[in-house]
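In: Fold the following for me, if possible:
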Amino acid sequence: MAVSLSEDFERCDVLVVGAGLAGLVAAIGFARAGFSVVCCGAADRLGQGRTVALLDRSIDFLKSLDVWREVEPLGAPLRALRIIDDTGSLFPPRPVEFRAEEIGLDAFGWNVENAALADALALAAAAAPNLRRVEAKASSFDFAPERALLGLADGRRFRARLVVGADGRGSSARNAAGVDARTHFYPQSALTVLLVHSRPHEDCSTEFHTRQGPFTLVPLPASPSARRRSSLVWVMSRAEAARRAALGDDALAGEIEEQARSLLGAMRVEGERGVFAMARQSVTRLAATRLALVGDAAHVFPPIGAQGLNLALRDVKGLIEAAREAEGEGEDIGGEAALERYCRSRGPDVAARACAVDALNRSLIARFAPIDAARGVGLAALRAIGPLRRFVMREAIAPMLGG
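Out: Numbers count the residues shown, from 1 in each chain. Okay, the predicted model is just below:
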């Protein structure tokens, strides 16, 4: 919907549409870079047992925004990752363990509850200079070569040099700009839940590769009521997800403990749980006139390999760098040259991650012996060949493409 040019508009350099995790980081980052910023949209605390594993490169970015010191106490370090094949394959590889100390890190990253991270970012946004938070959603858009005009649901109107679309997979900003999105749904859903357990996790994340998808236990910090806690992302068939979603807490905890081979001992479900359809979504381009897409507005992956928010933060970092470079060269931060620079910097990384996540998920559910064999050989090579294992670890946390 177009916005009338006859109205009066408040001006800002950057208008961020969406106040989820990626949107708040984008707003804080642009404000810290010296731009005047408006961030619109209702806050989203994203509970339902969901957490995010912030990898080392993302932590460095949050440190540069002076945000990490508030986030760190909310998380647990991920010092090791264990992969266990539980597909029933004819070629079962031995478990593989990756340790951060092998590549000179104290931890690969930190696992934080989404709701706690959202609260910390909201506080940081409230304290950031040059940043206004507006709870109203964007309701109308007018993108033109010389400016972007936005109308909000509460009647306010803004004129911006650059609009950042951070409003999720159904992005209204993306749709208004005419950017097409392609969505593929997998025959799976992901169950997410927080757990209390009787044995220590020892700062190690454990990923079981099952025939229905990954079953991943990730460390969480102690809470006032429980010393030993982890989060779970359990990918399974849609039918099994629906069945388990209907179970009582005790019955669900029993099935989780069984699938985990009692690795962390007796389990207890903590708080609410979530079930989410597994999908992959891509866009025809990452930018349009006066608009740059970040996070789920630009790409959606299954919850495998901690790619979601980490990829979104690389989007935000790349977009801020493109805007800074444009400003330094006297260019328009929302102009064609700056947005093309952003697309070039982010396109290869997004494409590579999409292929990797899709290939891993398909290899688990394929039930095709040659694929099982190839996956087994790959895990065996990672276990046996130190330089290869260290290369894969470095690429996972600090990608060469667009990192």
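In: Any stretches of the stretch 301-403 of the chain with poor pLDDT?
Out: 305-306, 361-380, 382-386, 388, 391, 393, 397-403 (pLDDT under 70).
In: could you pull out the helices for it?
Out: 308-328, 336-365, 369-384, 386-397 (DSSP state H, counting those that start in this stretch).
In: try the chain
Out: 21-32, 56-64, 68-71, 114-127, 172-176, 238-245, 249-259, 308-328, 336-365, 369-384, 386-397 (DSSP state H).
In: So which bits of the shortest one are buried?
Out: By that I understand helix 68-71. By neighbour count on 16 or more other Cβ atoms under 10 Å, the buried set for helix 68-71 is 68, 70, 71. Backbone N, C-alpha and C define where each C-beta goes, glycine included.
In: so who does the second one touch?
Out: By Cβ atoms under 8 Å, 6 or more residues apart in numbering, the contact set of residue 70 is 120, 123, 124.
In: Output the lowest mean pLDDT helix or strand found in the protein.
Out: Lowest on mean pLDDT, DSSP states H and E among the helices and strands of the chain sits helix 369-384, with a mean of 65.
In: doesn't residue 164 make contact with residue 17?
Out: Yes: at 6.8 Å, residue 17 counts as touching residue 164 under the criterion of Cβ atoms under 8 Å.
In: just to revisit the earlier point, using TSV, lay out the buried residues of helix 68-71 together with distance to residue 86 and pLDDT.
Out: Formatted as TSV, the buried residues of helix 68-71 follow (distance: Cβ to Cβ, whole Å; pLDDT from 0 to 100):
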residue	distance to residue 86	pLDDT
68	35	96
70	38	94
71	33	96
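In: ok, of those residues, which one's closest to residue 52?
Out: residue 71 (10.3 Å; Cβ to Cβ).
In: what's the closest non-adjacent residue to residue 165?
Out: residue 173 (3.7 Å; Cβ to Cβ, 6 or more residues apart in numbering).
In: Quick check: the gap between the one you found and residue 28.
Out: 19 Å (Cβ to Cβ, to the nearest Å).
In: now residue 52
Out: 16 Å.
In: more neighbours, the two?
Out: Neighbours per residue, other Cβ atoms under 10 Å: of residue 52 and residue 28, the larger number sits with residue 52, 27 against 24.
In: Could you list which residues are in contact with the residue nearest to that one when sequence neighbours are not counted?
Out: Leaving aside its sequence neighbours, residue 52 sits nearest to residue 309 (Cβ to Cβ, 6+ apart; 4.7 Å). For residue 309, the contacting residues are 21, 22, 52, 54, 58, 295, by Cβ under 8 Å, 6+ apart.
In: hang on, isn't residue 61 packed against residue 313?
Out: Yes: with contact defined as Cβ under 8 Å, residue 61 reaches residue 313; the gap is 5.5 Å.
In: tell me the two of the contacts of residue 309 that are most distant?
Out: Largest pairwise distance in the contacts of residue 309, by Cβ to Cβ, is 14.0 Å, between 54 and 295.
In: Who has more neighbours out of these two?
Out: residue 295 (28 against 25).
In: Check what pLDDT that one gets.
Out: Per-residue pLDDT puts residue 295 at 95.
In: Please, where are all the strands along the stretch 51-200 of the chain?
Out: 51-55, 75-78, 80-86, 96-99, 109-113, 131-134, 138-144, 147-152, 157-165, 181-197 (DSSP state E, counting those that start in this stretch).
In: okay if I get these as TSV plus distance to residue 269 and mean pLDDT?
Out: Shown next, in TSV, are these (distance: least, Cβ to Cβ, whole Å; pLDDT from 0 to 100):
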stretch	distance to residue 269	mean pLDDT
strand 51-55	15	93
strand 75-78	18	96
strand 80-86	21	91
strand 96-99	27	88
strand 109-113	15	95
strand 131-134	34	97
strand 138-144	37	96
strand 147-152	39	96
strand 157-165	36	97
strand 181-197	6	94
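In: now for the ones you listed, which one comes closest to residue 331?
Out: strand 157-165 (10.9 Å).
In: Which residues are in contact with each of residue 17 and residue 164?
Out: With Cβ under 8 Å, 6+ apart as the test, residue 17 and residue 164 both reach residue 23.
In: is it true that residue 129 touches residue 30?
Out: No: here residue 129 does not reach residue 30: they are 11.2 Å apart, not a contact under Cβ under 8 Å.
In: Of these two, which one has the most company?
Out: Neighbours were counted for residue 129 and for residue 30 using other Cβ under 10 Å; residue 30 has more, 29 against 9.
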